[in-house]
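S.K.: Need the 3D shape of this:
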Amino acid sequence: MSFSIQTNVTSLIAQNNLRINGNFQSQTIQRLTSGYRINSSADDAAGLSIANTFRSNIAELSQGVRNASDGVNQLQIVDGGLTQISQILDRLKTLATQSASQTFTGDRTTLNTEYSSLLSEIDRQANNVQLNSGGQFNSNLSVYIGGAVTAANSNSKVNVDLSGVQNAADSTSLGLNNTSVTGGGNQVVGGGVDLRTTPAVLGAGGSQAFTVNYTDSTGSAASTTVTVKSVTGGITVDNALGQINSQLNSLGINASVNQTTGYLQFSGSRAFSVNATGLAVADGLVSNAATITADNKSLYTVTGANPTGASSTESFSLVTSNNQTVQFTFAGETTAATKVADINKVSQALGITASVDSAGNVQLSSQSKFTAVQSVADGTGANNTFGAAVGNITVNNPTAGTSNVGNANSALVAIQSAVQQLGLIQGVVGAGENKLQYAINLAQSQISNFSAAQSTIRDADVASEAANLTKAQVLQQTSLAALAQANSAPQAILSLLKG
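M.R.: Down below sits the predicted model:
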């Protein structure tokens, strides 16, 4: 070995090892303090890339678990709403069953009032949980969870299909909007169209109107015109009926489809008539027949005449089934409307209502059987309420097929169908809750496994690094000591220069 003053090779070697040992100690301290084996790309570029992929998957799945939990919560809210609607259906069935009994002696109008209000409540609750037709949740609900390994991420989502009318829970979608528990349906006479097989009506747009005659709360003859408006291409029968019923609900009159003939029919517990003349639309709810009528024949009725002028003295009496009697004497009344108003001032207290039918005749109606007797009439009877005959006036029984239980029976069928449909919707919602819960379980499992895989690659082995720290500290101390010795070695050359 040669000796040199200019270059201390041994010192340079000691310095280099001291730098290496210092870096080793610094890296070890960084790993111990950060907890990671890989703190920069330089530590392990390939390992960092894999660990970052795992970390990204964990972030995606963690949010996916929250998405799925939100989805479960929302479906539980919907499920609760459907349970309430199911209970309303129970009450509707109770009311329909009560009204369907021929021995029921109460007021079916009162039953129908509650029935109609419950249909409105179904709509309100369906809208509230947004499972009405066209509502936010009446769709194919997609919940993104993540964790898929395919390029298209086709397995990253869980779908709960609540789309379509069959999965909506409002009264229209459940087939209840045109039902009632009073009356039995009075078909239109003339221009009947089988609406059971008609996908759409009023295909060219336009409208179709019907005049409804009834007796108002004061006992006076009144009328209202209900109009069905269409668009190009037509509207469904249910939509058309919905338009009519929205205008007639306040009168307690309901439009529906007769399930035997398919014809348009009107029903209710009050006296009414419907007519329309000169309808020009051939593909409407009724055809373009010259005259279309429907009179309420679901009640006990007496049909009188259409006075043609001022009446001479006439007298008749009405007797109820519990022998309540009222006597009427007229002279000078000129129209059916004036006679209707005069009769109702007294007769409505007996539950008997006078009205003007579709032909303009005076008609008496009641839910209970009654007797009518004419005691005085002029010779011709042209201006009399019930013609010239003296004696008992024929009281017609409710027409077969239009009895007070007809609509109630139809409502029972519709409610049973609605119960089944609602059960299917509840099944979809329940299955969706379970699917999302299973998806949460899988995502949690994947989070655990991805976390373990990432830890294996990126996390520091604390025991190993603690040993390395001790090793680094010892090496650094020995390097410093050796450097001191190497730096003092050139001083030995001075002994060669001593004489």
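S.K.: what about the helices in the stretch 201-350 of the chain?
M.R.: 237-248, 336-347 (DSSP state H, counting those that start in this stretch).
S.K.: Using CSV, please lay out those helices together with distance to T94 and mean neighbour count.
M.R.: C-betas here are computed from N, CA, C, even on glycine. Below are those laid out as CSV (distance: least, CB to CB, whole Å; neighbours: other CB atoms under 10 Å):
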stretch, distance to T94, mean neighbour count
helix 237-248, 22, 19
helix 336-347, 33, 20
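S.K.: Dump the ones you listed into TSV; add distance to K435 and mean pLDDT as well.
M.R.: Listed next are the helices of the stretch 201-350 of the chain as TSV, based on distance: least, CB to CB, whole Å; pLDDT from 0 to 100:
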stretch	distance to K435	mean pLDDT
helix 237-248	32	88
helix 336-347	62	85
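S.K.: Distance to L264 added to those, as CSV?
M.R.: Below are those laid out as CSV (distance: least, CB to CB, whole Å):
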stretch, distance to L264
helix 237-248, 8
helix 336-347, 25
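S.K.: residues touching the residue nearest to the spatial centre of the chain, list them.
M.R.: Most central in the chain under CA atoms, centre = their mean is N132, positioned 1.9 Å from the mean C-alpha point. Neighbouring residues of N132 by CB atoms under 8 Å, 6 or more residues apart in numbering: 123, 126, 138, 168-170, 173.
S.K.: can you pick the most crowded of those residues?
M.R.: Among those, A169 has the most neighbours (other CB atoms under 10 Å), with 31 neighbours.
S.K.: distance of it from A482?
M.R.: Using CB to CB, to the nearest Å, A169 is found at 86 Å from A482.
S.K.: Can you show me the helices along the stretch 351-499 of the chain?
M.R.: 406-458, 462-488.
S.K.: any idea which of those is most buried?
M.R.: Per residue and on average, the most neighbours among the helices of the stretch 351-499 of the chain fall to helix 406-458, with a mean of 18 (mean count of other CB atoms under 10 Å).
S.K.: So which other helices or strands are in contact with it?
M.R.: Applying 3 or more CB pairs under 8 Å, 6 or more residues apart in numbering; DSSP states H and E, we find helix 406-458 packed against helix 45-99, strand 140-144, strand 157-161, strand 253-257.
S.K.: Please repeat the previous calculation with a cut-off of 6 Å.
M.R.: When contacts are defined as 3 or more CB pairs under 6 Å, 6 or more residues apart in numbering; DSSP states H and E, helix 406-458 sits against helix 45-99, strand 157-161.
S.K.: Among the ones you listed, which comes closest to F210?
M.R.: helix 45-99 (25.3 Å; CB to CB).
S.K.: tell me the mean pLDDT over that closest one?
M.R.: Averaged across helix 45-99, the pLDDT comes to 91.
S.K.: and S365, what are its bridge partners?
M.R.: Beta-bridge pairing of S365 under DSSP bridges involves T301, T353.
S.K.: give me every residue that touches it.
M.R.: 271, 299, 301, 353 (CB atoms under 6 Å, 6 or more residues apart in numbering).
S.K.: now G71
M.R.: 143, 436.
S.K.: any idea how far it lies from V78?
M.R.: 11 Å.
S.K.: can you check Y438 too?
M.R.: Using CB to CB, Y438 is found at 19 Å from V78.
S.K.: now V9
M.R.: Per CB to CB, V9 is found 83 Å from V78.
S.K.: For those two, work out which one has more neighbours and name it.
M.R.: Neighbour tally, V9 and V78, criterion other CB under 10 Å: the higher count belongs to V78, 26 against 12.
S.K.: Just to check, the more buried one is in contact with V129?
M.R.: Yes. Look at V78 against V129 with CB atoms under 6 Å: they come within range, at 4.8 Å.
S.K.: Return the residues in contact with I85.
M.R.: So I85 contacts 122, 125, 169 (CB under 6 Å, 6+ apart).
S.K.: what's the closest non-adjacent residue to A168?
M.R.: Closest residue to A168 apart from its sequence neighbours, by CB to CB, 6 or more residues apart in numbering: S133 at 4.0 Å.
S.K.: Assign that neighbour to one of the three secondary structure states.
M.R.: The local conformation at S133, judged by DSSP: H, G, I helix; E, B strand; the rest coil, is coil.
S.K.: so who does it touch?
M.R.: Counted by CB under 6 Å, 6+ apart, S133 has contacts 165, 168, 170, 173.
S.K.: How confident is the prediction for it, by pLDDT?
M.R.: 90.
S.K.: ok, now how distant is it from A466?
M.R.: Counting by CB to CB - S133 and A466 are separated by 67 Å.
S.K.: L422 too?
M.R.: Distance from L422 to A466, by CB to CB: 66 Å.
S.K.: And F386, by the same measure?
M.R.: Taking CB to CB, one finds F386 at 115 Å from A466.
S.K.: Repeat that for A354.
M.R.: 105 Å.
S.K.: same deal with I85?
M.R.: Here the criterion is CB to CB. By it, I85 lies 65 Å from A466.
S.K.: next one: N23
M.R.: With CB to CB as the criterion, N23 and A466 are 18 Å apart.
S.K.: Skipping its backbone neighbours, what lies nearest S41 in space?
M.R.: L48 (5.6 Å).
S.K.: how many other residues sit next to the one you found?
M.R.: Using other CB under 10 Å, L48 has 20 neighbouring residues.
S.K.: what does N155 give?
M.R.: Neighbours of N155 under the rule other CB under 10 Å: 12.
S.K.: Name the SS class of it, please.
M.R.: Under three-state DSSP, N155 comes out as coil.
S.K.: Would you map out the domains in this protein?
M.R.: Per the record, the chain has its domains at 48-176+405-452, 186-296, 302-393, by automatic domain parsing.
S.K.: Can you lay out the ones you listed as CSV showing distance to S488?
M.R.: Compiled in CSV, those are given as follows (distance: least, CB to CB, whole Å):
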stretch, distance to S488
domain 48-176+405-452, 45
domain 186-296, 106
domain 302-393, 127
